[in-house]
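Colleague: Prediction below, plus the sequence it came from.
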Amino acid sequence: MPSDLATRIDKQEHQLCRFLQQVIRVPTVNPPGENYLECVSIFEDKLKSLGMSTKMIQVPDALVSEHVPDADGRPRYNLIARWDVGAKETIHFNGHYDVVPVNGQWKYGPFEPKIDNGWLFGRGSSDMKGPNAALCFALQGIQKSGITPGVNVEVSFTCDEEVGGLLGAGYVATEGLANADYVVVLEGGSGKRVGCGHNGIVWLDIEVTGRSAHGSTPQKGINAFENMAALTMQLRKIKQNFPKRTYTTPEGKALHPTMNIGGVFSVGDGAKVNTVPASASFTIDRRVIPSETIKAAQDEIIQKIREARESCPSLRTRVNTRIALDPCVTSPKSKIAVNMARAVQKAKGGKPRFSSTPGFTDLHFFVNEGGMPGIGYGAAGKNIHAIDERVNVADLINTSKAYAYLIADWE
C-alpha cells in the first residue's frame, strides 16, 4: 500500500470538517424526521463524486404510516452506494443521519457547527454524521492514493436509528438491499475499543385506566394515578435480580440488565386538581444483555403486572410495545473484528480491545437479520444526545484512517 495514505487523510482535515459542518447544518431532527432528503442528498453527491454507484430509496408511505404514525407526510429515505473493485468479498458500512432533538443552552448553536480547541461542536457531530463524513474521506483518501482495495465497498446512510431503525437499517437489511459479507456500523466503539455487540431493548407504553369523580367524593372514582404508583412499585422489584444477571464482554467488563421506569409519564385528558384522574401512563425502557432474551424480559414485566392486579383489583392496564430489539454479538475472532482491530492499531497505536456497548445500534439488523458478521466503530465524542455534543477532530481524522486501512489492507 502506498505510504502516503495517512498523509493524504491528514491533509483532508479542513475539507472533512467543512463537509461535516455542511451536513450538521441540516437539522435532521427525529422525531419527527425533518429534512431527510436534503441531508442524504449531500452524502449522495459526495459518494457520486468518488465514482460510486448510488441508489436513493424512499420507504413506501404505507410502511412509514404503519411504523411512524406521527410522521405527518415526512418521507423516509435510505441511500445505498457501491464501489466494486472485483474482489471476492464485500464490506458494508452503515451510518444513520438522523439526530435527536435539542434542548438547553448550547455554547454554539446546535446546527451552527464551530471548531473550538480541537473539538467540532454540533448536534450529530459525534452521533453520527462525524463518522459518516470520516468514511467518505477515507474512501477519497484511498482513491487519491491510487490504491485498489482488497475488498468491495458498500455504503448505506439510513434514517430513523434514533427511533429504532426499522425504516432505516432495518429496511435495508430485511429488503435484501445490503449485498455484502461483513458489516461495519459507524458507532458502538471508539478509541481503542472495537464494538462486538450491544444490548437489546424493550420499550413499553403502559396505560392505567380508572374512573373519574369529583375531588370532594374520590371514593366514587378509581384513581388511575394511585394505581399507576402501586404498579410502578411492583415493577421496581424486577430490578432486585439484575445484579445477579451478568454478561461478560470480550474485554472482561460485566454488563447487567437495566430498567428505567417513567422516562415519559402523563395524566390523561381532563386532568384537574379537583378531579379523580381516569387515566395515567408511563414508559418502560428495559435493556436486555446478550445472555437474556427479549421474550423473557417482556414476560417478566407482564408477570409483575399480573401480580400487581392481584393486590390491587381495581388496576386496569393496557400495554403497547414501542420497540423490541434483540441483543447482538459478534465473535472477536471473526474476520471483520480481527481486521478492524489491526486497522485501529495502525491508525491510533496501542493494543485494541473488544467491547460490547450497553446501548443499542443498528448492528443487530445486519448481524441477526442479515446474517453478516459485524462490528461497531466510530469517532470519540462527548455529550452525545446532550447539550454541546462534539467530536474530537484529531480522533475523527484517525478514525478516517482506520476505515481506510481496513479497506486497503483487507486480508
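Modeller: Yep, it's here. Numbering: from 1, shown residues only.

Colleague: Run through the residues that contact the residue nearest the centre of the chain.
Modeller: Residue closest to the mean C-alpha point of the chain, counted by C-alpha atoms, centre = their mean, is residue 361 at 3.7 Å. Contact partners of residue 361, counting by C-beta atoms under 8 Å, 6 or more residues apart in numbering, are 161, 185, 187-188, 195, 198, 376. Every C-beta, even on glycine, is put in place using the N, C-alpha and C of the backbone.

Colleague: same check, this time on residue 253
Modeller: Residue 253 neighbours (C-beta under 8 Å, 6+ apart): 355-356.

Colleague: Also residue 126?
Modeller: Applying C-beta under 8 Å, 6+ apart, the residues near residue 126 are 378-382, 384, 389-391.

Colleague: which among those residues gets closest to residue 212?
Modeller: Distance to residue 212 across the contacts of residue 126 (C-beta to C-beta) is lowest for residue 384, with 42.0 Å.

Colleague: For the closest one, which residues are in contact?
Modeller: Residue 384 sits next to 126-127 when contact means C-beta under 8 Å, 6+ apart.

Colleague: Determine which two of the contacts of residue 361 are furthest apart.
Modeller: Most distant of those, by C-beta to C-beta, are 161 and 195, 14.7 Å apart.

Colleague: Mind pulling the model confidence for residue 270?
Modeller: Residue 270 is assigned a pLDDT of 86 by the prediction.

Colleague: Does it touch residue 280 like I think?
Modeller: No: assessed by C-beta atoms under 8 Å, residue 270 is found out of contact with residue 280, at 11.9 Å.

Colleague: who has more neighbours, those two?
Modeller: Each of residue 270 and residue 280 has its neighbours counted (other C-beta atoms under 10 Å); residue 280 has more, 23 against 10.

Colleague: hang on, the more buried one is in a helix, isn't it?
Modeller: No: applying DSSP: H, G, I helix; E, B strand; the rest coil, one finds residue 280 to be strand, outside a helix.

Colleague: In which helix or strand does the residue nearest to the centre of the chain reside?
Modeller: Under DSSP states H and E, no helix or strand contains residue 361.

Colleague: How about residue 37?
Modeller: Using DSSP H and E, residue 37 falls in helix 36-49.

Colleague: Parallel or antiparallel, which strands does whichever helix or strand comes after that helix pair with?
Modeller: From helix 36-49 onward toward the C-terminus, using DSSP H and E, the following helix or strand is strand 53-58. Looking at strand 53-58 with DSSP bridges, its partner strands are strand 77-83 (antiparallel).

Colleague: what inclination does the strand it pairs with have with respect to helix 36-49?
Modeller: Relative orientation of strand 77-83 versus helix 36-49 (axes from the mean of the first three to the mean of the last three C-alpha atoms, to 10 degrees): 10 degrees.
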